[in-house]
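Asks: sharing a sequence plus its predicted fold:
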Amino acid sequence: MRKDALDFLRCPKCGRELSIKTIFQTKDKEIISGTLICISCGSTYPIKSGVPDMVQEMDRGVALTERSYNIAHVLEEKKWKCRDYIKRRVKTLLDHLEISPEDLKGKKILDAGCGGGQLACKLSSFNCDVVVGIDICRIITRAFDNCRRKSVHYVRGDIMNIPIREKYFDVIYCLDVFPILPNPEKAFDNLSRLIREGGVLFITFINSNSDILFWKIMYPTWRILSRLPLSIQDVLSYLFAVCFVLVSSFKRRKFSKNFFNEGRVLYYDMFGQGYYYTEDPKEVRKWFIKNGFRKIEIKLGSAGFRAYARGIK
């Protein structure tokens, strides 16, 4: 963490400014370990492995989600080493935002739910002023290790109680996060407060009006499995992975050492989340209107299952 992060960091309890209380270790002008303190309420937050940890207590649902995505993001790191994969992800995002790389010059960007932070790191190469990646998963410390660009900051934080200054960002995007939040509408309101006038907010969500048979089977299965103890969840993830390996090996007619890990990640992604919400596109439009957005666009994916929403403040 660099000291200029104090420009946008705020106490998640009272919303006031923070200051540095202690510094235990530094490297190349980065604070590797230390403590932040709120100038108002006195709450303290540790800096661990270069990342300020602003997460408070988590309920069981959030803890389940955090754990499953810690596993998933490790596998994602392998994909991000492929340049073509990075280019596709960046192009898809910019197309949805309806902006060009040149438009990002000098802008402040928030990746809400950044995971391993690869997308935020790539966007910083477009001469952005500031790029902030926030995620509740502990895996975010690996993002700090993999990207030490001056304009990029990573924060371990909760979107439900976001530790960021209001009206700070020009662009905010939140990909594949809303379905697993305990209160999606509150999360939307929180992100909306961080957007400047004229800024763009883009989110993805699951369409509640979708008639896909897969979702109709998966959702009730998730409701049962997600309530099982974590020890049983682990056993089930291994059993699921074995089935996944057999099916994948037969389908692709070859065996990959990654199949087993992919199977475990798929299990946690489908059944290990603490929450799973779908949203009516009409209701999401109301969220945008309530928070003062204009030029609101909501599009459905090819199967009508995934939905994309964009608005300008």
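Replies: That came through, no problem. Numbering: from 1, shown residues only.
Asks: which stretches of the stretch 51-200 of the chain have low pLDDT?
Replies: Counting by pLDDT under 70, the ranges of the stretch 51-200 of the chain that qualify are 71-82.
Asks: in it, which spans are strands?
Replies: 51-52, 108-112, 130-135, 152-156, 169-174, 195-206 (DSSP state E, counting those that start in this stretch).
Asks: packing partners of the longest one?
Replies: Think strand 195-206. For strand 195-206, the packing partners by 3 or more Cβ pairs under 8 Å, 6 or more residues apart in numbering; DSSP states H and E come out as helix 83-97, strand 169-174, helix 184-192, helix 281-290, strand 306-312. No exception for glycine: its C-beta is placed from N, CA and C like everyone else's.
Asks: how about the first one?
Replies: Other helices and strands packing on strand 51-52, by 3+ Cβ pairs under 8 Å, 6+ apart, are helix 140-146, strand 152-156.
Asks: can you check the fifth one too?
Replies: Counting contacts by 3+ Cβ pairs under 8 Å, 6+ apart, strand 169-174 packs against helix 83-97, strand 108-112, helix 184-192, strand 195-206.
Asks: count the neighbours of the closest residue to Leu300 other than its chain neighbours for me.
Replies: Of all residues not flanking Leu300 in the chain, Ala307 sits nearest, at 5.3 Å (Cβ to Cβ, 6 or more residues apart in numbering). Other residues lying near Ala307 total 23 when counted by other Cβ atoms under 10 Å.
Asks: a strand runs through Ser19, doesn't it?
Replies: Yes - assessed by DSSP: H, G, I helix; E, B strand; the rest coil, Ser19 belongs to a strand.
Asks: quick one on the thing from earlier: could you dump the strands of the stretch 51-200 of the chain to CSV with distance to Tyr267?
Replies: Shown next, in CSV, are the strands of the stretch 51-200 of the chain (distance: least, Cβ to Cβ, whole Å):
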stretch, distance to Tyr267
strand 51-52, 28
strand 108-112, 25
strand 130-135, 21
strand 152-156, 25
strand 169-174, 24
strand 195-206, 18
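Asks: output the ones you listed as CSV; include the columns mean neighbour count.
Replies: Listed next are the strands of the stretch 51-200 of the chain as CSV, based on neighbours: other Cβ atoms under 10 Å:
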stretch, mean neighbour count
strand 51-52, 26
strand 108-112, 25
strand 130-135, 26
strand 152-156, 27
strand 169-174, 24
strand 195-206, 20
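Asks: where is the longest helix in the protein?
Replies: helix 230-252 (DSSP state H).
Asks: who touches it?
Replies: 64, 67, 225, 228, 255-256, 259-264, 266-268, 271-272 (Cβ atoms under 8 Å, 6 or more residues apart in numbering).
Asks: just the ones of these in helices?
Replies: Going by DSSP H, the helices hold 64, 67, 225, 259-264, 266-268, 271 from those.
Asks: can you select the buried ones from those residues in ChimeraX?
Replies: The following ChimeraX line selects those of the ones in helices among the contacts of helix 230-252 that are buried, judged by 16 or more other Cβ atoms under 10 Å:
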select :64,67,225,259,260,261,262,263,264,266,267,268,271
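Asks: let me know the closest of the ones in helices among the contacts of helix 230-252 to Gly157.
Replies: Arg67 (17.1 Å; Cβ to Cβ).
Asks: enumerate every residue touching that closest one.
Replies: Arg67 touches 230, 268, 272, counting by Cβ under 8 Å, 6+ apart.
Asks: re the thing from before, take the helices and strands packed on strand 195-206 and write them to a markdown table, including distance to Leu18.
Replies: Shown next, in a markdown table, are the helices and strands packed on strand 195-206 (distance: least, Cβ to Cβ, whole Å):
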| stretch | distance to Leu18 |
| --- | --- |
| helix 83-97 | 30 |
| strand 169-174 | 18 |
| helix 184-192 | 18 |
| helix 281-290 | 29 |
| strand 306-312 | 30 |
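Asks: pick the most deeply packed of these.
Replies: The highest average neighbour count among those, using mean count of other Cβ atoms under 10 Å, belongs to strand 169-174 at a mean of 24.
Asks: which residues sit against that strand?
Replies: 93, 96-97, 99, 104, 107-113, 132, 159, 187, 191, 194-196, 198-204.
Asks: the host helix or strand of Ile298 - contacts with which helices or strands?
Replies: Here Ile298 sits within strand 294-300, counting by DSSP states H and E. Judged by 3+ Cβ pairs under 8 Å, 6+ apart, strand 294-300 is in contact with helix 281-290, strand 306-312.
Asks: Arg294 and Ile109: what is the separation?
Replies: 20 Å (Cβ to Cβ, to the nearest Å).
Asks: could you do Gly263 as well?
Replies: 34 Å.
Asks: now Cys41
Replies: 29 Å.
Asks: do Lys167 as well
Replies: From Lys167 to Ile109 the distance is 14 Å (Cβ to Cβ).
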